[in-house]
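**Student:** no FASTA, just this:
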């Protein structure tokens, strides 16, 4: 783990056969997460303390590597946490063996054990990698293009899809931009409509009964950014329109979604109607939809603050 300063302790968990380290969230005081790591075959020794592992050596030649074993060190809170393992292997001439490393995040011991049992062996890890390869290979399926420019084909058929898929699933940390989420849905719907539907419904749940929406919403327990951006509600309409044209799943419109901070619920069609009615009422002196704070483009800020 490179972000040493945020790890407040690290320990060997003998009942789990893993090193677990607690990571403090610098953006949310009092909040922490637990990272873990393990190895198969079983480790003969371990280090959870970086200073012990490096010793009087260097990062290029740690003392533990030179000695052929780790120091079974824990990091109680006054150093830097790592997870290093020494595995003893005997090889016959021409023989090979596979060592499998597992790392992840899980605060619950039961969940860590579940992940360990699912992945921590060469055979289980290879099955998981094969599933992952199949998943990524499927991105190249339809919709796809074939042109004389192979670089363009690769960019369109794989890399653009991979980028938007990862962006929509994992990259937006802590809070998600409301418009960003719906633009993700519009970008991914042609090859992953289930994720697009999920993103649209998630965004709808962050709409107020009067049609307003949040600027950004938190999905880790933090406060939402409830600043008003006039264009945000309309992205619900754009994303739903793109989804319906791509999938024909008009049942989406009858799906019931709660409004934010209230017991009131409405169908998706009702949500979209309130978004349009709200925006239609935000007109300036020339009867055009008014631009206020960063609407449509973040650079267009404070354009319509005088109601023009």
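**Tutor:** Right, received. Where do you want to start? Only a predicted model underlies this, so the values are computations on that prediction, with no experimental measurement involved.
**Student:** buried sites along stretch 124-143?
**Tutor:** Under the neighbour-count criterion of 16 or more other Cβ atoms under 10 Å, stretch 124-143 has 124, 125, 139 buried. Quick note: C-beta positions are derived from backbone N, CA and C, even for glycine.
**Student:** how about CSV for those residues, with secondary structure, distance to residue 118 and pLDDT added?
**Tutor:** Output for the buried residues of stretch 124-143, formatted as CSV (DSSP: H, G, I helix; E, B strand; the rest coil; distance: Cβ to Cβ, whole Å; pLDDT from 0 to 100):
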residue, secondary structure, distance to residue 118, pLDDT
124, helix, 6, 96
125, helix, 10, 96
139, coil, 24, 83
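**Student:** out of those residues, which is nearest to residue 54?
**Tutor:** residue 125 (28.0 Å; Cβ to Cβ).
**Student:** my read: the closest one touches residue 115, true?
**Tutor:** No - in this structure residue 125 lies outside contact range of residue 115 using Cβ atoms under 8 Å: 11.6 Å.
**Student:** show me the shaky parts of the stretch 151-300 of the chain.
**Tutor:** Along the stretch 151-300 of the chain, the parts satisfying pLDDT under 70 run over 170-174, 220.
**Student:** returning to what we had before: how about CSV for the buried residues of stretch 124-143, with distance to residue 73 added?
**Tutor:** Listed next are those as CSV, based on distance: Cβ to Cβ, whole Å:
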residue, distance to residue 73
124, 29
125, 27
139, 43
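**Student:** which neighbours do residue 125 and residue 115 share?
**Tutor:** residue 102 (Cβ atoms under 8 Å, 6 or more residues apart in numbering).
**Student:** the residue lying farthest from the centre of the chain is in what secondary structure piece?
**Tutor:** Centroid-distance maximum for the chain: residue 93 at 44.6 Å, with Cα atoms, centre = their mean. Under the criterion DSSP states H and E, no helix or strand holds residue 93.
**Student:** with residue 271 instead?
**Tutor:** helix 268-280.
**Student:** also residue 60?
**Tutor:** Per DSSP H and E, there is no helix or strand for residue 60.
**Student:** and it, what are its phi and psi?
**Tutor:** phi -80, psi -30 (degrees, to the nearest 10).
**Student:** for burial, what's the neighbour tally of it?
**Tutor:** As a burial measure, residue 60 scores 7 neighbours (other Cβ atoms under 10 Å).
**Student:** quick one: which of the buried residues of stretch 124-143 is nearest residue 64?
**Tutor:** residue 125 (24.3 Å).
**Student:** gap between that closest one and residue 90?
**Tutor:** 22 Å (Cβ to Cβ, to the nearest Å).
**Student:** next: residue 21.
**Tutor:** 31 Å.
**Student:** next: residue 130.
**Tutor:** Distance of residue 130 to residue 90, given as Cβ to Cβ: 29 Å.
**Student:** now residue 300
**Tutor:** 68 Å.
**Student:** over to residue 244?
**Tutor:** On the measure of Cβ to Cβ, residue 244 and residue 90 end up 62 Å apart.
**Student:** who does the top strand by length along the chain pair up with?
**Tutor:** For the chain, the strand with the greatest residue count under DSSP state E is strand 32-40. Its sheet considered, strand 32-40 pairs with strand 18-24 (antiparallel), strand 100-105 (antiparallel) by DSSP bridges.
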